[in-house]
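Asks: Have a look; sequence and predicted model below, questions after that.
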Amino acid sequence: MSEEKKRTSGDDAGRARRRNTKAAEQDGAPRKRRTGDAGEGSAGKRRTAGAAGESSVRRRAVGETPRRKRSKDTMSEAASTQSAARDDISGLEDDEKRALEERKRRRVRRLRREQEAKRKQQEMIRRIGMIVGALALVLVLVLILRSCGRRAKKENVNSDSQAATMTESMLADSVSTSAAVNENDTVKEARKLAAMYDYDAAIALLSGSAEADSYTDLINEIQAEKATCIAYDPEVIPHFFYHSLLNDDRGFIAELTSDFIAKDNACWMCSTDEFNTITQQMYDYGVVLVTMRDMVKETVDSDGDVHFEKNDALMLPPGKHPAVMSEDDLSYYHAYDNQGIAEKLVIDDSGKVKCVYTDEAGEQHIGDYDVVPLLSTFIDEHPDFSYHNAHCIIALTGYNGVLGYRTDEVYATRDPERLDEAQRAWLDAHPDFDFDEDVAEATRIANAMKAEGFEFASHTWGHRHIDTASLESLMTDTERFEENVIPIVGPIDTIIFAHGSDLQGPSDYSYDNEKFAYYKNHGYNYYSNVDGSVPYWNQIRDNYVRTARINIDGYRLYQAMIGNENSIADMEALGIHDIESFFDKNRITPVEIIG
């Protein structure tokens, strides 16, 4: 409140009090000083004082000499003084009560501390007693054994033979216990292999065990399950993919990002909740993840040339639906900041690959916050979702690094002609950045991902439009990918084109296409575009394998939800249904293609 308002308020209050006082005096009511809540005691004293006044009047009426009379003001002041004194006494009593209660609480706390100390002391004494007792028992046993040994010698008993027999018995028990543990581990691993439809590997593991005879029933069980399997046609296997996932609503809300970002995320991204629901629906439908390599038989001739043919031995139980899965752009771009997307991949204490994610409150978490850890956890819990431990193909660019680590050479050289604004801002915000450490950590994580069952593919270093880019620019792009990405993730023979583009239309690739010839000569054998117009589209040719992918994102889900027949067919091929029940309502709708 300003000084002027304070003065005005005070003047108004003063005027109000003066008006109330004058009105009270005009009404004939005596002015009283407030002494607080005097209660019945004060009222009784006022009644007694009134009675004394009446008695004095009566004495004057009969001619008696009146006692000295106190004025009303004097009596009121006395009553006020007495009431204030009582209030002071009451306040002192309250203070004394509080002080007494505080002393009681301190005493209770002190007693509790003393009791706890006494308990700990007794526990220590008990433990020392147990240790002393155990030592005494050991000493007694040693003495007994020595006595027995002397007695055995005197009685000329062959103690060496007895000791040998006892030792052999103990060793046999130890071996038996160890074998039981190994049996359990062997059975567990064999059952996991069989659950992932790798029946031959499971049988080989059991048959090669030292305890193979005890596994006969389990081997027969696995062989019987294998006998039920049927061959699936690789040419009708769908290939679906995701981008990185949103863990909260920031990326969908324009007021928290921008109108363009919110619409872009609404189109191309899914939330973690949507991913989890879709994955469960796929599993319930019978989807089994395979790789593009599982679709073919690959051979190499004497000249080193690679040849492909359909895999007619892709065997699964009846009612299954094999499908290939991939994820694009797992680099965690600077453009993803503050949108609810994870920041990078890490390895947790158990050796599993997880994500670092910072929530809306700025608190950092490590866990299942994107496709990689969510899928791994699901397969750990549902191994029959994966054929021979197939997980997901990870399509990488390189211009912002990989897996959330700033591994591109520009972060080391800081070349001003190549650094963009986002890269420069990131380096300024991380003055202690160590390029070599990021490269080493990204390499460690890539190795862990491959051990879990993930594969890597090129998404071109610069996320290029493969159809419109010149061959010269693609050659430069490939060189940067080979220099900055391959050393981290290892050799790659798969390219998943960015922007859903392709080297050409649906006709077969040939060496007449200079871009195909270039990539083929650089060791690329597997190619993927995007085509949601059909549930599956695959080309298996002698010198390459090519698939069309279905995008699972906000746009495709929305199209299926509003009745687009092609999108509905795509979703039905993967067992995705009842989309409206899990579609994230924070998206801007209608969902339109952005980019």
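Replies: Thanks, I have it. Numbers count the residues shown, from 1 in each chain.

Asks: Low-confidence ranges, the stretch 51-200 of the chain, go.
Replies: 51-127, 129-130, 132-134, 136-183 (pLDDT under 70).

Asks: how about a cut-off of 50?
Replies: Counting by pLDDT under 50, the stretch 51-200 of the chain contains low-confidence residues at 51-76, 78-79, 81, 85, 89, 152-182.

Asks: So what's the residue count around the nearest residue to L557 once chain neighbours are set aside?
Replies: Leaving aside its chain neighbours, L557 sits nearest to I579 (5.3 Å; criterion: C-beta to C-beta, 6 or more residues apart in numbering). The way it works is simple: take the backbone N, C-alpha and C, and place the C-beta from them, glycine included. Neighbours of I579 under the rule other C-beta atoms under 10 Å: 21.

Asks: could you measure I579 against G340, distance?
Replies: 21 Å (C-beta to C-beta, to the nearest Å).

Asks: now swap in F252 and tell me
Replies: 8 Å.

Asks: Now for these two: what residues contact both?
Replies: Contact criterion C-beta atoms under 8 Å, 6 or more residues apart in numbering; residues shared by F252 and G340: L246.

Asks: Domains in the chain, by residue range?
Replies: Following automatic domain parsing, the chain resolves into domains at 80-157, 159-228, 234-581.

Asks: and the last one, average pLDDT?
Replies: Mean per-residue pLDDT for domain 234-581: 97.

Asks: Start and end of it, how far apart?
Replies: Domain 234-581 has an end-to-end distance of 32 Å (criterion: C-alpha to C-alpha, to the nearest Å).

Asks: for the stretch 151-300 of the chain, what spans make up the strands?
Replies: Assigned by DSSP state E, counting those that start in this stretch, the strands in the stretch 151-300 of the chain fall at 230-231, 239-242, 245-246, 270-271, 287-290, 296-300.

Asks: tell me the mean pLDDT for the first one?
Replies: Averaged across strand 230-231, pLDDT comes to 98.

Asks: Given that strand, what are its sheet partners and their directions?
Replies: Using DSSP bridges, the strands paired with strand 230-231 are strand 315-316 (antiparallel).

Asks: so what does whichever helix or strand comes after the strand it pairs with touch, helix or strand wise?
Replies: Counting by DSSP states H and E, the element after strand 315-316 in chain order, helix or strand, is strand 321-328. Packing partners of strand 321-328 (3 or more C-beta pairs under 8 Å, 6 or more residues apart in numbering; DSSP states H and E): strand 239-242, strand 287-290, helix 371-381, strand 393-396.

Asks: Show me what counts as buried in strand 321-328.
Replies: Applying a neighbour-count criterion of 16 or more other C-beta atoms under 10 Å, one finds 321-328 buried in strand 321-328.

Asks: Equivalent analysis for stretch 232-244, please.
Replies: Under the neighbour-count criterion of 16+ other C-beta under 10 Å, stretch 232-244 has 232, 234, 237-244 buried.

Asks: Next: stretch 492-511.
Replies: 492-504, 509.

Asks: Any chance of a markdown table for the residues you listed, columns secondary structure and distance to D348?
Replies: Output for those, formatted as a markdown table (DSSP: H, G, I helix; E, B strand; the rest coil; distance: C-beta to C-beta, whole Å):
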| residue | secondary structure | distance to D348 |
| --- | --- | --- |
| I492 | coil | 26 |
| D493 | coil | 30 |
| T494 | strand | 28 |
| I495 | strand | 31 |
| I496 | strand | 28 |
| F497 | coil | 33 |
| A498 | helix | 31 |
| H499 | helix | 34 |
| G500 | helix | 34 |
| S501 | coil | 37 |
| D502 | coil | 38 |
| L503 | coil | 40 |
| Q504 | coil | 44 |
| Y509 | coil | 42 |
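
Asks: Could you say which of the domains of the chain is packed most deeply?
Replies: With neighbours taken as mean count of other C-beta atoms under 10 Å, the domains of the chain reach their highest mean count in domain 234-581, at a mean of 18.

Asks: returning to that earlier point: using CSV, lay out the domains of the chain together with distance to T589.
Replies: Formatted as CSV, those follow (distance: least, C-beta to C-beta, whole Å):
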stretch, distance to T589
domain 80-157, 61
domain 159-228, 40
domain 234-581, 7
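
Asks: mind checking which of the ones you listed is nearest E592?
Replies: Minimum separation from E592 across these (C-beta to C-beta) falls at domain 234-581, 6.7 Å.

Asks: now, which of the buried residues of strand 321-328 sits nearest T257?
Replies: For the buried residues of strand 321-328, the nearest to T257 is D328 (20.4 Å; C-beta to C-beta).

Asks: right, and the closest one touches S458 too?
Replies: No. Here D328 does not reach S458: they are 11.2 Å apart, not a contact under C-beta atoms under 8 Å.

Asks: hey, what's in contact with both of those two?
Replies: Joint contacts of D328 and S458 (C-beta under 8 Å, 6+ apart) are 395, 496.

Asks: Can I get the buried residues of stretch 492-511 in JSON lines including distance to L206?
Replies: Converted to JSON lines, these look like this (distance: C-beta to C-beta, whole Å):
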{"residue": "I492", "distance to L206": "35"}
{"residue": "D493", "distance to L206": "34"}
{"residue": "T494", "distance to L206": "34"}
{"residue": "I495", "distance to L206": "40"}
{"residue": "I496", "distance to L206": "38"}
{"residue": "F497", "distance to L206": "44"}
{"residue": "A498", "distance to L206": "46"}
{"residue": "H499", "distance to L206": "49"}
{"residue": "G500", "distance to L206": "46"}
{"residue": "S501", "distance to L206": "48"}
{"residue": "D502", "distance to L206": "46"}
{"residue": "L503", "distance to L206": "47"}
{"residue": "Q504", "distance to L206": "49"}
{"residue": "Y509", "distance to L206": "44"}
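
Asks: Out of the residues you listed, flag the one nearest to T443.
Replies: Distances from T443 to those, taken by C-beta to C-beta, are shortest for I492, at 14.3 Å.

Asks: Enumerate every residue touching that closest one.
Replies: Per C-beta under 8 Å, 6+ apart, neighbours of I492: 456-458, 485-486, 523-524.

Asks: Kindly report the same for M325.
Replies: Contacts for M325 (C-beta under 8 Å, 6+ apart) come out as 239-241, 289, 375, 391-393.

Asks: Mind picking the two most distant members of those residues?
Replies: Within the contacts of M325, H239 and L375 form the most distant pair, 15.3 Å apart (C-beta to C-beta).

Asks: okay, I594: pLDDT?
Replies: 82.

Asks: what secondary structure does it sit in?
Replies: Classification of I594 by DSSP: H, G, I helix; E, B strand; the rest coil places it in coil.

Asks: which residues touch it?
Replies: Applying C-beta under 8 Å, 6+ apart to I594 gives the contacts 260, 263-264, 266-268.

Asks: With L218 instead?
Replies: By C-beta under 8 Å, 6+ apart, the contact set of L218 is 187, 190-191, 206.

Asks: what separates it from E274, distance-wise?
Replies: Separation of L218 from E274 (C-beta to C-beta): 39 Å.

Asks: which SSE is H365 in?
Replies: strand 364-367.
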